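In: My questions concern the predicted model and sequence given below.
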Amino acid sequence: MVPVLLILVGALATLQADLLSHKKFLLLPPVNFTIKATGLAQVLLHWDPNPDQEKRHVDLEYHVKINAPQEDEYDTSKTESKCVTPLHEGFAASVRTILKSSHTALASSWVSAELKAPPGSPGTSVTNLTCTTHTVVSSHTHLRPYQVSLHCTWLVGKDAPEDTQYFLYYRFDVWTEGCQEYSRDALNRNTACWFPRTSINSKRLEQLAVHINGSSKHAVIKPFDQLFTPYAIDRVNPPMNVTVEMESNSLYIHWEKPLSAFPGHCFNYELKIYNTKNGHVQKENLITNKFISKIDGVSTYSIQVRAAVSLPCRMPGRWGEWSQPIYVGKERKPLVEWRLFVLPTAACFVLLTFSVICRVCHLWTRLFPPVPAPKSNIKDLPVVTEYEKPSNESKIEVVHCVEEVGFEVMENSTF
């Protein structure tokens, strides 16, 4: 069987060589070559075989060359071809007839067609267009449990009038949808768009086309197209149900896969263990959803996990968002330490300030006056006199009494 096939291949090669050596055999270019926009950032190239092409026992193909906006070329045996590319700068292509599997230079002349760029004033189209996708839970769980949200932001064109308003559309495969939820700048111009749910399938390889056009009373706003690869802009959700258990000097960490249409074996994980006492960060790249780590037993640790889709489920993309931190350990959290330091300090400061005010304003004396003592007056006390009559003269002696509590002293009393 093998020798027969080799003989047939050799005969075909000989026949093609004979045809090529025949001076009258010519390859004619295709006819009716057209380029038509069939969707956002999508064109259809179509042509017909030349009716005057000589019919011989040869297989013909077509060589397509994209000239703008980016150069590319490929061979096809069909008479039409789809291209996904930005169209805001126009599109141009050429095609010619060639022999299938031929290593010779024999080919027809080129035929070309062009799709002109849409009108618009320079500097009025948006700039810095960025888009991200997230997986969300679908309301139609019995049909499609997961859907993809889309969020895009952009900057206003530097020469766009103040009354410019922009409008965003996306296309994925055959589905096209316009934005309904915009965010606006100070001049009420749309600068961001949010699709809570879309037709985007993060498992597929089709490119996401985003188109933004605009309107203004003072200028023609130039549209803008951009293509995104879904895996490159997909922000994977954080892992779910992260749990941490501490036993002796070990941490037992476990989590579940992120909310995603991909199964659990499609994810790689990055684990971050942060020691809040000394600032040391431990990072681990894992393919499982559990990890055991040794700790010193006297510090507080912050644990976070993030995920990314891996091969062979999809082309690797960016790391997703970190999970919320979980704190474990014996050391007090920073917030508790702050309270333990600030509250006593504040209390001491208040007491010190109150003491100074009391001393300066004699507030303590006013609040707590001294208890008055009983009155004591020596004037009301009786005077003891001593009489001596050795002569006719009377001798008067004044006795001064010591003041005692409860008595009054009498003064200048004579007998």
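Out: Received the coordinates, thanks. Note that the structure is a prediction, hence the values are computed from the model and not measured.

In: in the host helix or strand of Asn67, what's buried?
Out: With elements taken from DSSP states H and E, the one containing Asn67 is strand 60-68. If you call a residue buried by 16 or more other C-beta atoms under 10 Å, then strand 60-68 has these buried ones: Leu60, Glu61, Tyr62, His63, Val64, Ile66. Heads up, the C-betas are built off the backbone N, CA and C, glycines and all.

In: again, but for stretch 236-245
Out: Val236, Asn237, Pro238, Pro239, Val242, Val244.

In: got a list of what the last one touches?
Out: Spelled out, it's Val244. Leu251, Tyr252, Ile253, Ile303, Ile326, Val328 (C-beta atoms under 8 Å, 6 or more residues apart in numbering).

In: Sheet partners, orientation included, of the strand or helix carrying the last one?
Out: When elements are defined using DSSP H and E, Val328 is found to belong to strand 326-329. Applying DSSP bridges, strand 326-329 is found paired with strand 300-309 (antiparallel).

In: ok so, going back, which ones among the buried residues of stretch 236-245 map onto helices?
Out: Secondary structure from DSSP state H places none of these in helices.

In: In these, find the pair that's most separated.
Out: Within the buried residues of stretch 236-245, Val236 and Val244 form the most distant pair, 21.2 Å apart (C-beta to C-beta).

In: From the contacts of Val244, list the buried ones, please.
Out: Judged by 16+ other C-beta under 10 Å, buried ones among the contacts of Val244: Leu251, Ile253, Ile303, Val328.

In: Confirm that the second one sits in a helix.
Out: No. The assignment for Ile253 (DSSP: H, G, I helix; E, B strand; the rest coil) gives strand, which keeps it out of a helix.

In: my read: it touches Ser293, true?
Out: Yes. The criterion here is C-beta atoms under 8 Å, and Ile253 meets it with Ser293 at 6.9 Å.

In: In the stretch 1-150 of the chain, where is pLDDT below threshold?
Out: 1-25, 57, 101-104, 140-143 (pLDDT under 70).

In: Pull the contacting residues for Ile253.
Out: Taking C-beta under 8 Å, 6+ apart, one finds Val242, Thr243, Val244, Leu271, Lys290, Phe291, Ile292, Ser293, Ile303, Val305 in contact with Ile253.

In: just the helices in the stretch 151-300 of the chain please.
Out: 230-233 (DSSP state H, counting those that start in this stretch).

In: could I get the buried residues of stretch 236-245 as CSV with pLDDT and distance to Pro145?
Out: Putting the buried residues of stretch 236-245 into CSV (pLDDT from 0 to 100; distance: C-beta to C-beta, whole Å) gives the following:
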residue, pLDDT, distance to Pro145
Val236, 95, 17
Asn237, 96, 14
Pro238, 96, 19
Pro239, 97, 18
Val242, 97, 22
Val244, 95, 29
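
In: Report the contact partners of Pro258.
Out: Contacts of Pro258 (C-beta under 8 Å, 6+ apart): Thr135, Val236, Asn237, Pro238, Pro239, Met240, Phe267, Ala307, Gly320.

In: Select from the buried residues of stretch 236-245 every entry located in strands.
Out: Among the buried residues of stretch 236-245, the members falling in strands (DSSP state E) are Val242, Val244.

In: Make TSV out of the buried residues of stretch 236-245 and add distance to Leu155.
Out: Output for those, formatted as TSV (distance: C-beta to C-beta, whole Å):
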residue	distance to Leu155
Val236	27
Asn237	28
Pro238	29
Pro239	34
Val242	37
Val244	42
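
In: out of the buried residues of stretch 236-245, who's nearest Leu343?
Out: Comparing the buried residues of stretch 236-245 against Leu343 with C-beta to C-beta places Val244 closest, at 29.3 Å.

In: roughly how far apart are that closest one and Gln324?
Out: 12 Å (C-beta to C-beta, to the nearest Å).

In: ok now stretch 192-209, how far from the chain's centre?
Out: 17 Å (C-alpha atoms, centre = their mean, to the nearest Å).

In: Give the buried residues for it.
Out: For stretch 192-209, by 16+ other C-beta under 10 Å, it's Ala192, Cys193, Phe195, Arg197, Thr198, Ser199, Ile200, Asn201, Ser202, Gln207, Leu208, Ala209.

In: on that earlier part again, would you mind giving the contacts of Val244 as TSV with distance to Ser121 added?
Out: What follows is these, written out as TSV (distance: C-beta to C-beta, whole Å):
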residue	distance to Ser121
Leu251	61
Tyr252	63
Ile253	57
Ile303	54
Ile326	54
Val328	60
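
In: Mind picking the two most distant members of those?
Out: Tyr252 and Ile326 (12.2 Å).

In: can you pull out the helices in the stretch 1-150 of the chain?
Out: 2-21.

In: now the strands for it?
Out: Shown for the stretch 1-150 of the chain, the strands assigned by DSSP state E, counting those that start in this stretch span residues 31-39, 42-48, 60-68, 72-76, 80-84, 91-99, 111-115, 127-137, 146-155.

In: cool, the stretch 151-300 of the chain as well?
Out: So, for the stretch 151-300 of the chain - with DSSP E, counting those that start in this stretch - the strands run 165-172, 175-178, 182-184, 190-198, 208-215, 224-228, 240-247, 250-256, 267-275, 281-286, 290-294, 300-309.

In: Alright, I will stop here.
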